[in-house]
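J.: sequence first, then the predicted structure:
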Amino acid sequence: MTDGPRPRRYDPERRDRIIDACLDVVAAHGVAGTTHRRVAAAADVPLGSMTYHFAGRDKLLREAFGRFTRQASAQFDRRMAEAPDRDAALRAVVRLITLDVFATQRDLVLSHELYTLAARDPAFRDLTNDWMRRSRAALGRHFDPATCRVLDAFVEGMSIHRALDTEPPDGVDVLDAVRRLAGPVSSRPSG
């Protein structure tokens, strides 16, 4: 019997494992410390399968961060879809801030690694722009486009403060701020 990973002739989940492992490696070592070797080890795949599935590190990072942003957007969308009316939507925004966005240290690190990467490399900005577009579309179920932009920015900023501040904001204060930003009921989209 030999030590090390066993060869897998048929491994349909390999590509998905590599993408998930890439996110774990980025969370642990940052984008700068993410190498094919580390990702292969974390995914328990032969190093050669990295180049088989991904044409370079940037392609792997784009796939991994794409998965991360889609998962975050889906959670955001679910939260807003559950709100039957505007008042429930305001409370849903508060829950996004106080519970969902950056719910784990891993989510916080991955988000900030992506922000930094997108700030340095415009090729990654389409991921952050698409993420913002999906968040605003979810908010758009209950609010007009201008309000969606403001609320989306507020969710992001307050979530960062909640994650990093030694005294996280109180939910009642956050709800009051969300209500002020959302404005009167008449700003609701028609239709």
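T.: Received, thanks.
J.: least trustworthy helix or strand in this structure by mean pLDDT?
T.: When each helix and strand of the chain is scored by mean pLDDT, DSSP states H and E, helix 48-53 comes last, with a mean of 90.
J.: check which helices and strands the helix or strand following that one is in contact with.
T.: The helix or strand immediately downstream of helix 48-53 is helix 57-81, counting by DSSP states H and E. In terms of contacts (3 or more C-beta pairs under 8 Å, 6 or more residues apart in numbering; DSSP states H and E), helix 57-81 is packed against helix 14-29, helix 36-43, helix 86-95, helix 105-120, helix 125-139. Where C-beta positions appear, they are placed from N, C-alpha and C, glycine not excepted.
J.: closest to residue 58 out of these?
T.: Checking the helices and strands packed on helix 57-81 against residue 58 by C-beta to C-beta gives helix 105-120 as the closest, at 9.5 Å.
J.: below-threshold pLDDT in this structure: ranges please.
T.: Applying pLDDT under 70 to the chain flags residues 1-10, 186-191.
J.: hmm, residue 26 is touching residue 60, no?
T.: No. Counting by C-beta atoms under 8 Å, residue 26 does not reach residue 60; the two are 10.0 Å apart.
J.: looking at the two, which one has more neighbours?
T.: Neighbours per residue (other C-beta atoms under 10 Å) separate residue 26 from residue 60, with residue 26 holding more: 26 against 23.
J.: quick one: that one from residue 161, how far?
T.: Going from residue 26 to residue 161 by C-beta to C-beta, to the nearest Å gives 23 Å.
J.: over to residue 15?
T.: Distance from residue 15 to residue 161, counting by C-beta to C-beta: 37 Å.
J.: repeat that for residue 130.
T.: Residue 130 is 24 Å from residue 161, where distance means C-beta to C-beta.
J.: please apply the same query to residue 41.
T.: In this view, residue 41 and residue 161 are 36 Å apart by C-beta to C-beta.
J.: one step back: would you turn the helices and strands packed on helix 57-81 into CSV with distance to residue 51?
T.: Output for the helices and strands packed on helix 57-81, formatted as CSV (distance: least, C-beta to C-beta, whole Å):
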stretch, distance to residue 51
helix 14-29, 11
helix 36-43, 7
helix 86-95, 42
helix 105-120, 21
helix 125-139, 22
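J.: in the least confident helix or strand of the chain, what's buried?
T.: When burial is assessed from 16 or more other C-beta atoms under 10 Å, helix 48-53 yields the following buried residues: 49, 50, 53.
J.: fine by me, thanks again.
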